[in-house]
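Asks: Fold the stuff below for me.
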Amino acid sequence: MLVNIYNPSFCGYQSEFGKKLDRYLAEPVCDKAEEKGIIDIFSKMVPQKMSPTNEMGRGCHGTVYAIDDDYVFKIANRVKPVIGRFSIIKDEAVKNLKTYYGNVIAKIGNMEIMKNAFKTKTVLPAGLPMRRMSRGKKLEYYNTVYLKRFVELPQSAYDKVAEDFKTLNSLGKEFDTNNPNNFIADGDEIKIVDEISDVCDTKPNTLAKLFKVFVNSYDVFQTAEFDYLAVDRRKNLIKKLILASEKAELPFYCNFNDRAELELAFDLCDCPEGFSNIQRTLMDYRRKYPDMNTRLQKISEFLDDYYKPDADTISFYC
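Replies: Numbers count the residues shown, from 1 in each chain. I've put the predicted structure just below:
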């Protein structure tokens, strides 16, 4: 799982490696001479690319380095690069996903080649960056940097995430929702990185998991804290998540842990009555309004009335 802030530093640059790989992927028949050319260029490039200034993300198990504007490569932590066999990886499960950029498209030795997901200078992962911060700084960053950025994303960004949740439910797979840093704002889009895993639960990608990622977690290790100054932004974000979930007709939860995430989200929004009232209304609207556009409009009106914005407050963190 990647836990760093991604920092794209290219602007339309395509390396010779990227050009050769594009040509190779476009060819219907594998060409051994092309394979050798790709391996040779990659072997010369790796020592220069594996530098801290070229690092795009570091996780518990591996680090990602930029190649160019189109490609990155990942290598396990604390291992030396080994140039070896070149292979193309095809994963039919991810071809219909709208937000997923974590799939490996090729391997060279012990390194994995992936698409470079990030195309703007406004890239920001959900949650907190993995660095030491005082409690006050955490609260301030979470509200005035993270929440501010993600609340401003259009509804369509969350709709696409929820639609991918629905797709994975049909495949018996799930995203890693334990780490909010895997969900990254890039321009007006949300892009998801890291691996997709198989699961035993029925329909594990739920509204509760959306809450876990975007409302309830600082990072992979820390649960978010209540902050009165963040209440309004959290409420606005929850509204977008509920509308996205309802549009994709996701389940509310799939197990006890999910149920706890739903309640935590509403505690963080200073709504002590919890999710139960919301759930009853959503289920009632599903029966009353079979037309999706009408239902979403009614839900939006209900949520606006349910938690009207608090009065403006003076931002102060210590």
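Asks: When you work out contacts or count neighbours from here on, use the C-alpha atoms and nothing else.
Replies: Will do.
Asks: Pass me the low-pLDDT residue ranges in the stretch 201-318 of the chain, would you?
Replies: 307-318 (pLDDT under 70).
Asks: What segments of it are helices?
Replies: Using DSSP state H, counting those that start in this stretch, the helices of the stretch 201-318 of the chain run over 207-211, 231-248, 256-268, 276-288, 292-306.
Asks: Around the nearest residue to Arg259 once chain neighbours are set aside, how many other residues sit close by?
Replies: Excluding the flanking residues, the one nearest Arg259 by Cα to Cα, 6 or more residues apart in numbering is Tyr253, at 5.9 Å. By other Cα atoms under 10 Å, 19 other residues sit near Tyr253.
Asks: Could I get the full set of strands for this structure?
Replies: 55-58, 62-66, 71-76, 86-88, 104-108, 111-115, 124-125, 173-174, 183-186, 189-192, 197-198 (DSSP state E).
Asks: Work out which residue lies at the spatial centre of the chain.
Replies: The residue lying closest to the centre of the chain (Cα atoms, centre = their mean) is Phe183, at 1.7 Å.
Asks: Find the residue closest to it in space, skipping its chain neighbours.
Replies: Phe183 sits nearest to Ile192 (Cα to Cα, 6+ apart), 4.7 Å away.
Asks: The one you found: what's it in contact with?
Replies: The contact partners of Ile192, by Cα atoms under 8 Å, 6 or more residues apart in numbering, come to Thr99, Tyr100, Tyr101, Gly102, Asn182, Phe183, Ile184.
Asks: Please name the bridge partners of the second one.
Replies: In other words, Tyr100. Counting by DSSP bridges, Tyr100 is bridged to Ile192.
Asks: again with the last one
Replies: Beta-bridge partners recorded for Ile184 (DSSP bridges): Pro125, Lys191.
Asks: give me the number of residues near it?
Replies: There are 23 residues near Ile184, going by other Cα under 10 Å.
Asks: Could you check how far it is from Phe42?
Replies: Ile184 sits at a distance of 28 Å from Phe42 (criterion: Cα to Cα, to the nearest Å).
Asks: Leu124: neighbour count?
Replies: Other residues close to Leu124 by other Cα under 10 Å number 24.
Asks: List the buried residues in stretch 182-192.
Replies: Using 16 or more other Cα atoms under 10 Å as the test for burial, stretch 182-192 gives Asn182, Phe183, Ile184, Ala185, Asp186, Asp188, Glu189, Ile190, Lys191, Ile192.
Asks: In these, find the pair that's most separated.
Replies: Farthest-apart pair in the buried residues of stretch 182-192 is Asn182 and Asp188; separation 16.3 Å (Cα to Cα).
Asks: quick one: contacts for Lys240?
Replies: Contacts of Lys240 (Cα under 8 Å, 6+ apart): Gln155, Tyr158.
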